[in-house]
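[1] Would you be able to build a 3D model of this:
(6 chains, ligands or ions: 3)
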Amino acid sequence: MKKIEAIIKPFKLDEVKEALQALGITGMTVLEAKGFGRQKGHTEMYRGAEYVVDFLPKLKIELVIPSDQVEAIIEAIKTVAGTGKIGDGKIFVVDVEQAVRIRTGETGASAL
Amino acid sequence: MKKIEAIIKPFKLDEVKEALQALGITGMTVLEAKGFGRQKGHTEMYRGAEYVVDFLPKLKIELVIPSDQVEAIIEAIKTVAGTGKIGDGKIFVVDVEQAVRIRTGETGASAL
Amino acid sequence: MKKIEAIIKPFKLDEVKEALQALGITGMTVLEAKGFGRQKGHTEMYRGAEYVVDFLPKLKIELVIPSDQVEAIIEAIKTVAGTGKIGDGKIFVVDVEQAVRIRTGETGASAL
Amino acid sequence: MSHLRKSLKFLPLLMLASPAVSAQAETVADLAARLEASDAQNAYIFNTLLFLIGGFLVMWMAAGFAMLEAGLVRTKNVSMQCLKNISLYAVAGVMFWLVGYQLMYGITEGGFIGKLAIMQFSEANAADGYSAASDWFFQMVFCATTASIVSGALAERIKFWPFLLFTALLTGLIYPIVGSWEWGTGWLDAKGFSDFAGSTLVHSTGGWAALAGAIILGARAGKYGANGQINPIPGSSMPLATLGVFILWLGWFGFNGASQLAMGTISDVADVSTIFVNTNMAACAGVVVAVLYTQLRYKKIDLTMALNGALAGLVAITAEPLTPSVPVALLVGGLGSLLAMLAVPLLDKFKIDDVVGAIPVHLVAGIFGTLAVAFTNPDVKFMPQLIGVASIGTFVFIVSAIIWFALKKTIGIRVSAEQEHVGLDQGELGVAAYPEFVS
Amino acid sequence: MSHLRKSLKFLPLLMLASPAVSAQAETVADLAARLEASDAQNAYIFNTLLFLIGGFLVMWMAAGFAMLEAGLVRTKNVSMQCLKNISLYAVAGVMFWLVGYQLMYGITEGGFIGKLAIMQFSEANAADGYSAASDWFFQMVFCATTASIVSGALAERIKFWPFLLFTALLTGLIYPIVGSWEWGTGWLDAKGFSDFAGSTLVHSTGGWAALAGAIILGARAGKYGANGQINPIPGSSMPLATLGVFILWLGWFGFNGASQLAMGTISDVADVSTIFVNTNMAACAGVVVAVLYTQLRYKKIDLTMALNGALAGLVAITAEPLTPSVPVALLVGGLGSLLAMLAVPLLDKFKIDDVVGAIPVHLVAGIFGTLAVAFTNPDVKFMPQLIGVASIGTFVFIVSAIIWFALKKTIGIRVSAEQEHVGLDQGELGVAAYPEFVS
Amino acid sequence: MSHLRKSLKFLPLLMLASPAVSAQAETVADLAARLEASDAQNAYIFNTLLFLIGGFLVMWMAAGFAMLEAGLVRTKNVSMQCLKNISLYAVAGVMFWLVGYQLMYGITEGGFIGKLAIMQFSEANAADGYSAASDWFFQMVFCATTASIVSGALAERIKFWPFLLFTALLTGLIYPIVGSWEWGTGWLDAKGFSDFAGSTLVHSTGGWAALAGAIILGARAGKYGANGQINPIPGSSMPLATLGVFILWLGWFGFNGASQLAMGTISDVADVSTIFVNTNMAACAGVVVAVLYTQLRYKKIDLTMALNGALAGLVAITAEPLTPSVPVALLVGGLGSLLAMLAVPLLDKFKIDDVVGAIPVHLVAGIFGTLAVAFTNPDVKFMPQLIGVASIGTFVFIVSAIIWFALKKTIGIRVSAEQEHVGLDQGELGVAAYPEFVS
Ligand SMILES: Nc1ncnc2c1ncn2[C@@H]1O[C@H](COP(=O)(O)OP(=O)(O)O)[C@@H](O)[C@H]1O
Ligand SMILES: Nc1ncnc2c1ncn2[C@@H]1O[C@H](COP(=O)(O)OP(=O)(O)O)[C@@H](O)[C@H]1O
Ligand SMILES: Nc1ncnc2c1ncn2[C@@H]1O[C@H](COP(=O)(O)OP(=O)(O)O)[C@@H](O)[C@H]1O
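    Numbers count the residues shown, from 1 in each chain, chains lettered A, B, ... in the order given. Ligands and ions are numbered 1, 2, ... in the order given. Sure thing, here's the model as predicted:
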């Protein structure tokens, strides 16, 4: 099994979710994050002084999947989460050794 | 070392923490998350229109442990975090190559 | 590629960011977290009853980097995030199999 | 009919008021009658104005309760708490018109119960001394206050509709009945009981109803551990709770001040002023005592207790805000606060779960304040005060308990464990307090 | 010149007011004149006081709109909504002084338009019956209310400066002109149109301006799906929205009550009291209807609709809060609320995106309330009401549309898609509502 | 003794007021005396009512400061800021009764200091012209305002108890002493100094005390970088800050309006009305200038500066809200706002860390407003204004500095670096502002 970690722009969440559902994915976990990267931040004004906010709001999507679905999922995310503008985000793939469904105790791919 | 990533229902945190402490675990990190899965969401009403909220509040617990404790910990989490109802969550196991305690510079199992 | 996961005290973020930038790191993702560990929590008062808050605010920094930079980065984080006081946090290293830049589709080290 | 034209009516109106101006033969007697009419008119206007200003200030307390309670419940129940507070105010208004007022003031002197009748507003009449509508408005907002007290104590687990039903009965029947005994000049008033602005009639009544409800409803899941430990359940927002208390403090000037019921004479308006000062001082003492007490007792100051302390001071002085001197008012407010501080852990000991501290603040300080009148007002004796506190307490507690019990056995009063767990905003209402989070 | 010394002036002043006290030969006529002057003075003070109290209560409504709107926009637009609300109040004040008041009240009876002139305050004069400055203040806060209505409907996508420009024109020209037709005793007043406190003049005017703006501006990105589906966009904070509605409810006692424009007689102050009661009851009915309706229709209660229901009840009763009996006031408020409930999804059907429900509440309930006067006030006929609603509607809608269109074609009224997406707080303003989050 | 019975007293009371009604032989002189008594009574009631309304409006400003400051400190210090605000109001009330009032108003004309005595309230007396208790209440809330100003500037790093101690000294001694010089008719008043509602006596006094404190306390950790850079530390909630400013704006009508100290005559109530208009216009100008200035100067509008601008406009007009015409009031408010805008970065340059902008708003605009009186009120000269500003500034700054210094050297005024870092809510208080987060 592999874990896909995708960092995306927050407003793309719904589209990504739908694309993944279309691929038969039934579960994922989303975390709020702040991203620092090539996308430059913006300046804010507070009491007459400017400051740069260079951590931008992002969402981190984590989903664990059978290894053979990795390519399709990367492809799907790339397609819908991309705007072509800097800051679209990244996809990382990590190996997962075990998965357990708490409710049933099922393990492995059937736990996903 | 392994990293246990457990996605649980938020109100189970205290019980999970206690069960893990009972196993001698001295550290863990918790993140707020939203989960999408088999557990169906609920509809909300806003200004006369319904909409489905299918991302539900979850907590993600991360703890890095010596490899030999994996089974015991999975067992413990399964026992206390399970309600038998859909949406109880998952446990994933990921390999960790290195651990460092920032304060002392200790590495490996002694950093945990 | 490796993923560095560093759990730090929140007020250290800016220093860590600068130290990493100095090493040529161009991207990272930060998540709010609550940490449980050796650092003891504090008691709060609410309506005449005390309770212990033993999950303390932490930040989790995730950055994926080429494998050869691991040591330098651990060193840098250790230096700037350390206060010498309990609770300074941990650094974990996890293997990453693949990285993709959503915007361009670049993969591997060039996606970072 | 329109904004400007209306103003043009002023002069003719004034003419009307002095019909004999141009007549040659106005006599001293004519003039005396005119002066008397003029005095009566001014008194009428001042008294009515006092009711209107006091009324809108007390209406504003509904917002205070809403914010205080929204701040002290968990995020998952905040929208529901807002809904309950605006709904109860609406229901109280309707019920107090439908039955409440006549039940309360349609009583015979020394009687036990008024009449079941809809409020009818008579024509304005100089002899009344004030506008009946203004009086009704002022009395109605008091009635609503009683209901607000209950909503806080039972928060986070009570079902919406049964709560609203109870509110209807509380504001339509229970409160008006006990109100009739005293302010309606019923039997308690005849006994010599005295409750200037309602430490007992309003605050303890709300407190007893809340207590009965809290016992029958049971504590929130997780509040009390298996082996007796108490688990604090912190609320969602301290600044909202603080705002709520400031609102209540402001509204209390109307609550106590306008309970003088008249300001058409020097003595009345001076009394209103004294009431303002004493009301304020009692609240100040309530804060100071709570801050000192929690600092000394717990080594840390408890903000929610400081907020409760202000309210307890206000509740305590409400039974008699006029006769005490300033030091006495400070003492009454300070002791009211101290008693509330002591009552909070006591309730927990009995596993009575009162989310916002309504019982310590409104019931405990209310009882204390009412009894204290015997010592602060020379015209008032202790026994009548005790009888008043006991009889109203017994009546409200028993009737409330019966209603709560009946509701429990029929439609049920408590949400399911599942709903309580996910929160009432999702379970019953369908809109989160901060619905935006992530998506 | 100073706080205490001033008070020492009281006695001499009183002496001045009764110059003949020490004279021996005061006659009945002298006394009659003195009594008359005294009556006139009291009436003057009471009337002025009504304007001042009503005025500060309506001013407070600006805070109510700010909180309601801050609560109903998304977090990323909250700071901007706060800025818009405080800025529009400031601009309304300046514009109503610069041109508004004279345009509104400098009209000849039965006329179509007042004069373009800066407001000049005359010396205080007993014969006026009230202070001109107090009247101006009271009229000004009404004008500001009109502008507040617009800001909510167009939130989350309109540019700041064009919005402020429109506000200036609305408060300086549009509102004063339609105001002049009725309250300025212009042609509509001559026709027999009646709008006691402004269901049409204030609320519908704001509503029409908002409607024109919402159509020309277009919906927020993502609000309406490609195949007709409606995507709710939940706001940032239900407790803030609730606070806003409580503030507005409180302010409405000033809005309607002080629109009696006088309280120097028993009849006037009794009327103000009746207005308080009816205003309150209409809002109560609005809440009750909204809660019941959403429960029955949607199986879940919608808090934002309950809040809108209170406001719709208030708007509906505003055209005639004096003549209805309580049951009629309940009916007017309840129907106003029901119509607003029905209008919300209707607007969505036409893809008109009104963020806070300003159009259902202020326009729909405002029209209904104005037409209903024909049935609640025996002196008012239906046709004049219809003419009033139609003529004001046509005028405001067309003129607003022209202005919005001109602004759109010149400086543009809508932020870029990118700015809308990141939120106006970041795009236009540069300070987030909760700027602290992480770092 | 009870709500309804009381009202039955009205008629007898009226009878009492006209004892001769039934007597046959009432003379013109009798009638004249009765009319005079009636006039005196009405004036008394009106004046007292002005104090009461003004008083509760200014009391409400305490909530405004609490919300403004809660919004502008970081989340980790919000509960503490709430606690400080409610506590300081309580302490101010007690101190102003214990010593403040007599120190302020027990001074001989032209004197330097009043007497150290507890406030004793005399019986109501028609000859006073107003109720002493109402006057005391009104003066007390002014005193509390002074203390509110300090709490904002020193937020996020000062210890609770030393802060409260300073508050006690400020409200019991410092403010009353400078108050006695002018409003107590002391030496400054004799010099011809004029400060209608307290630009200097209240606002600058608070500002000077805050400035001394800010210097001695030092800046928050991290506010000023090693090489001179300024690090903005954004607050927790812009909507709360906005709410606070709306509350303050509303309260200011009481602050300035009721400082007329009388409304029992046409001229007085007309003056109050003029003050309402000017107060409002100055605030409007303050907003407009701040919005324009920050747009032009920084290319982005700064909401917190717009909020400060409104307040600076209000502070500036407070020294003389009566004599200016509207354009002059706009100018005073606008310039006050501009000066505050310029002062914010200036303070930063001197590394004086003022969390909420209390010094620019209350001190800078307060000085400007006081000096400007020489140009807006023909009866006032520049030199006395300068003397007043300078003498009060010197006195307050030096005495405050001594107290702060003494506190620093004894019990310490600053929390530990560790406590500052984790936040005062955790370090000193023990309840987070939003304590619910995760668990
Ligand atoms: N090396 C990295 N490790 C972890 N997260 C990264 C890394 N680089 C970028 N990110 C995340 O991806 C987001 C987008 O990256 P950025 O460089 O701004 O644009 P792009 O994705 O177009 O290259 C960042 O905001 C950050 O959250
Ligand atoms: N494949 C997955 N990858 C990551 N997280 C998952 C995955 N499937 C489920 N989850 C997480 O687990 C939670 C529970 O899953 P769900 O399917 O609802 O019920 P159950 O755990 O009973 O199977 C989800 O809300 C989501 O957070
Ligand atoms: N085994 C672990 N797995 C995951 N996170 C851990 C683990 N141990 C500690 N942490 C995280 O590191 C933080 C600091 O650890 P702690 O034991 O308090 O102090 P120190 O870092 O000085 O050893 C914790 O708050 C927690 O977030």
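[2] All the helices of chain A, residue numbers only.
    A:13-22, A:70-81 (DSSP state H).
[3] Please see if the shortest one touches chain E.
    No. Remark: helix A:13-22 sits outside contact range of chain E, by Cβ under 8 Å from any Cβ of the partner chain, the gap being at least 9.2 Å. No exception for glycine: its C-beta is placed from N, CA and C like everyone else's.
[4] ok, back up a step: tell me the most buried of the helices of chain A?
    Highest mean neighbour count among the helices of chain A (mean count of other Cβ atoms under 10 Å in any protein chain shown): helix A:70-81, with a mean of 18.
[5] Show me the contact partners of whichever helix or strand D:Ala214 is part of.
    Following DSSP states H and E, one finds D:Ala214 within helix D:205-217. Contact partners of helix D:205-217, identified using Cβ atoms under 8 Å, 6 or more residues apart in numbering or on different chains, comprise D:145-150, D:152-154, D:157-158, D:166, D:170, D:174-175, D:178, D:352-354, D:358-359, D:361-364, D:366, D:392-393, D:396-397, D:400-401, D:404-405, D:408, D:413-414.
[6] Could I have the buried ones of these as PyMOL selection syntax?
    The buried residues among the contacts of helix D:205-217 can be selected in PyMOL (16 or more other Cβ atoms under 10 Å in any protein chain shown) with this line:
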select buried, chain D and resi 145+146+147+148+149+150+152+153+154+157+158+166+170+174+175+178+352+353+354+358+359+361+362+363+364+366+392+393+396+397+400+401+404+408+413+414
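[7] Please narrow the contacts of helix D:205-217 to those residing in strands.
    Among those, no member is found in strands (DSSP state E).
[8] Which residue would be the closest one in the stretch 1-150 of chain D to ligand 2?
    Proximity of the stretch 1-150 of chain D to ligand 2 (Cβ to the nearest ligand atom) peaks at D:Lys76, 17.3 Å away.
[9] quick one: secondary structure of that residue?
    helix (DSSP: H, G, I helix; E, B strand; the rest coil).
[10] For D:Asp425, see how far away it is.
    6 Å (Cβ to Cβ, to the nearest Å).
[11] can you check D:Leu173 too?
    Counting by Cβ to Cβ - D:Leu173 and D:Asp425 are separated by 30 Å.
[12] Name the residue in the two with the higher neighbour count.
    Between D:Leu173 and D:Asp425, counted using other Cβ atoms under 10 Å in any protein chain shown, the more crowded position is D:Asp425 (27 against 18).
[13] What helix or strand is the closest residue to the more buried one other than its chain neighbours located in?
    Nearest residue to D:Asp425 in three dimensions, chain neighbours excluded: D:Ser79, at 4.3 Å (Cβ to Cβ, 6 or more residues apart in numbering or on different chains). For D:Ser79, the element it lies in under DSSP H and E is helix D:78-95.
[14] Centre of the chain to that helix, how far?
    Distance, stretch centre to chain centre, for helix D:78-95: 14 Å (Cα atoms, centre = their mean, to the nearest Å).
[15] and what of stretch A:56-68?
    4 Å.
[16] how far away is the closest residue to chain E within the stretch 151-300 of chain D from ligand 3?
    Using Cβ to the nearest Cβ, the single residue of the stretch 151-300 of chain D nearest to chain E is D:Leu240, 5.9 Å away. D:Leu240 is 30 Å from ligand 3, where distance means Cβ to the nearest ligand atom, to the nearest Å.
[17] How about D:Ala37?
    Counting by Cβ to the nearest ligand atom, the gap from D:Ala37 to ligand 3 is 79 Å.
[18] That residue: neighbour count?
    15.
[19] Tell me the spacing between it and chain A.
    The gap separating D:Ala37 from chain A is 60 Å, by Cβ to the nearest Cβ, to the nearest Å.
[20] Which residue is the nearest non-sequential neighbour of that residue?
    Closest to D:Ala37 by Cβ to Cβ, 6+ apart is D:Ala126, at 7.3 Å.
[21] Contact partners for the one you found?
    D:Ala37, D:Ala40, D:Gln41, D:Tyr44, E:Ile266.
[22] Separate out the buried members of those residues.
    Buried among the contacts of D:Ala126 (16+ other Cβ under 10 Å): D:Ala40, D:Gln41, D:Tyr44, E:Ile266.
[23] Based on its surroundings, how many neighbours for the nearest residue to A:Gln39 once chain neighbours are set aside?
    Spatial nearest neighbour of A:Gln39, chain neighbours left out: A:Gly87 (3.0 Å); criterion: Cβ to Cβ, 6+ apart. Neighbourhood size, A:Gly87 [other Cβ under 10 Å]: 19.
[24] Wait, A:Gly87 touches A:Gly37, no?
    Yes. A:Gly87 lies in contact with A:Gly37 (Cβ atoms under 8 Å); the separation is 6.4 Å.
[25] so how far does stretch A:83-97 reach from one end to the other?
    In stretch A:83-97, first residue to last residue: 33 Å (Cα to Cα, to the nearest Å).
[26] Check whether that stretch comes near ligand 2.
    No. Stretch A:83-97 lies apart from ligand 2 when judged by Cβ under 6 Å from any ligand atom; the minimum separation is 9.2 Å.
[27] mean confidence score for that stretch?
    The average pLDDT for stretch A:83-97 rounds to 95.
[28] And stretch D:432-439, by the same measure?
    On average, stretch D:432-439 scores 71.
[29] what is in contact with A:Gly87 and A:Gly37 at once?
    In contact with both A:Gly87 and A:Gly37: A:Leu56, using Cβ under 8 Å, 6+ apart.
[30] Run through the residues that contact the residue nearest in space to the middle of chain D.
    Geometric centre of chain D, nearest residue: D:Thr145, 3.5 Å, by Cα atoms, centre = their mean. Applying Cβ under 8 Å, 6+ apart to D:Thr145 gives the contacts D:Val58, D:Met61, D:Ala62, D:Phe65, D:Val202, D:Gly206, D:Phe255.
[31] In a helix, the last one, correct?
    Put plainly, it is D:Phe255. Yes. Remark: D:Phe255 belongs to a helix, assigned using three-state DSSP.
[32] gap between the closest residue to it other than its chain neighbours and D:Val202?
    In space, and not counting its chain neighbours, D:Phe255 is closest to D:Val58: 5.1 Å by Cβ to Cβ, 6+ apart. Plainly put, D:Val58 is 10 Å away from D:Val202 if you go by Cβ to Cβ.
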